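# Just need the structure, nothing else, for what follows:
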Amino acid sequence: MEIWIILSLVAPFFWAASNLVDKIVVENYLDQPNQFMLLLSQFYSVVAVTYLIFFASSFSLNIFALSCGAMLFCLYYFYAKVLPDEEISSVILVHQIEPVFVLVIAVILLGIYPTSFEWVGFFAVLFGMTYFGFSKKGGGDATISRKNIILLIISAFFGGISTIFADMASEEISTIDVLGQSAIGYGISGIACLIISESYRKDALTIFQKFAGIRVTAMGFTGALDMLGYLAFFGALASSSNPGFVAVITCIHPAVVFVMGILFSVLAPHVYKEALDKSVISKKLISLLIVSIGIAFLSAN
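Residues are numbered from 1 along each chain as shown. Here you go, the predicted structure:
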């Protein structure tokens, strides 16, 4: 089996594990989503400093890699706001609209117009998300709130921009440099947000009122999982002759999150639990199938 296939399969498992730890940390150890953002930006600041000391191939910075990190900070800012309210499998399913934004941004910025396959994928992803977003639970409540759908769409929009920037950066610098310099962009964005936004600063810094080492440890762990996922993904892109195939394989991410969430709910419900209502699970599975097929079509070329 070729190395890019292995890396493409590994990345979604790191991301899925990171998503589950995110949810567990926010529910059990943090009081504010902005505390999550503060600790995650501190983690990436440490990664940035480590990169500059030990791994930087030169002292020249790439604007695309730095911008990728800044966009990832924005992605996580809106993602964190949703975590306290929704099941993580629902969050990741809705977030899969990101490839649609990549397609739209590519048209606007690069003049690359969709093929017939990509149009099919575009509408499949939108249909799958709409079906799930407007579905009802057994009691009549929405499977996910409209407000949180909007926040996740905004998050996915920034994710789409970050993907474009990462692709541009990877054409000019190595995988390690893309990862390290995007961490610099993420860390700088976190510092800038602390300086500029009084409300963010007030919420985030409350974490030090009752500081606990387990919070830092847990956020370091989830940050490391997320970073390893991106390292595997960037490595797969660099070693594959067809990046579209990489994207097709990594679209198993929401399926992995779904399976992990169910396993935790059954085997360790005291750690994490999702609703095991049959109607909700069936709607997630149908939406997941439609969205995954759509992403495969979007990436087919």
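
# Let's see stretch 160-174 as PDB, backbone CA atoms only.
C-alpha atoms of stretch 160-174 as PDB (Å, rounded to 0.1, in the frame of the first residue of the first chain):
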ATOM      1  CA  GLY A 160     -12.300  26.600   3.000                       C
ATOM      2  CA  ILE A 161     -10.100  29.700   2.800                       C
ATOM      3  CA  SER A 162      -7.500  28.000   5.000                       C
ATOM      4  CA  THR A 163      -7.500  25.000   2.600                       C
ATOM      5  CA  ILE A 164      -6.800  27.200  -0.400                       C
ATOM      6  CA  PHE A 165      -4.000  29.000   1.500                       C
ATOM      7  CA  ALA A 166      -2.500  25.700   2.600                       C
ATOM      8  CA  ASP A 167      -2.500  24.400  -1.000                       C
ATOM      9  CA  MET A 168      -0.800  27.600  -2.200                       C
ATOM     10  CA  ALA A 169       1.800  27.400   0.600                       C
ATOM     11  CA  SER A 170       2.500  23.700  -0.100                       C
ATOM     12  CA  GLU A 171       3.600  24.600  -3.700                       C
ATOM     13  CA  GLU A 172       6.400  26.900  -2.300                       C
ATOM     14  CA  ILE A 173       7.500  25.300   1.000                       C
ATOM     15  CA  SER A 174       7.800  21.900   2.700                       C
END
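
# can you list the residues that contact it?
57, 62, 64-65, 67-69, 71-72, 75, 98-102, 104-106, 109-110, 177-178, 181-182, 234, 237-238, 243 (CB atoms under 8 Å, 6 or more residues apart in numbering). Yep, even glycine has a C-beta here, placed from its N, CA and C like the rest.

# where's I153, which helix or strand?
Using DSSP states H and E, the element containing I153 is helix 146-170.

# Distance from that helix to the middle of the chain?
Between the centre of helix 146-170 and the centre of its chain there are 9 Å (CA atoms, centre = their mean, to the nearest Å).

# Could you list the low-pLDDT ranges of the chain?
1, 57-59, 110, 112, 132-143, 208-212, 241-245, 247-248, 298-301 (pLDDT under 70).

# rewinding a little: could I have the buried ones of the contacts of stretch 160-174 as PyMOL selection syntax?
In PyMOL, this line selects whichever of the contacts of stretch 160-174 come out buried by 16 or more other CB atoms under 10 Å:
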select buried, resi 62+64+65+67+68+69+71+72+75+98+99+100+101+102+105+106+177+178+181+182+234+237
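
# Which members of the contacts of stretch 160-174 occur in helices, if any?
Among the contacts of stretch 160-174, DSSP state H puts 64-65, 67-69, 71-72, 75, 98-102, 104-105, 177-178, 181-182, 234, 237-238, 243 in helices.

# Quick check: the gap between the closest residue to R201 other than its chain neighbours and G213.
Nearest residue to R201 in three dimensions, chain neighbours excluded: L194, at 5.1 Å (CB to CB, 6 or more residues apart in numbering). Counting by CB to CB, to the nearest Å, the gap from L194 to G213 is 22 Å.

# any idea how far stretch 9-23 is from the chain center?
9 Å.

# my bad, should have said stretch 286-298
With CA atoms, centre = their mean, you get 17 Å for stretch 286-298.
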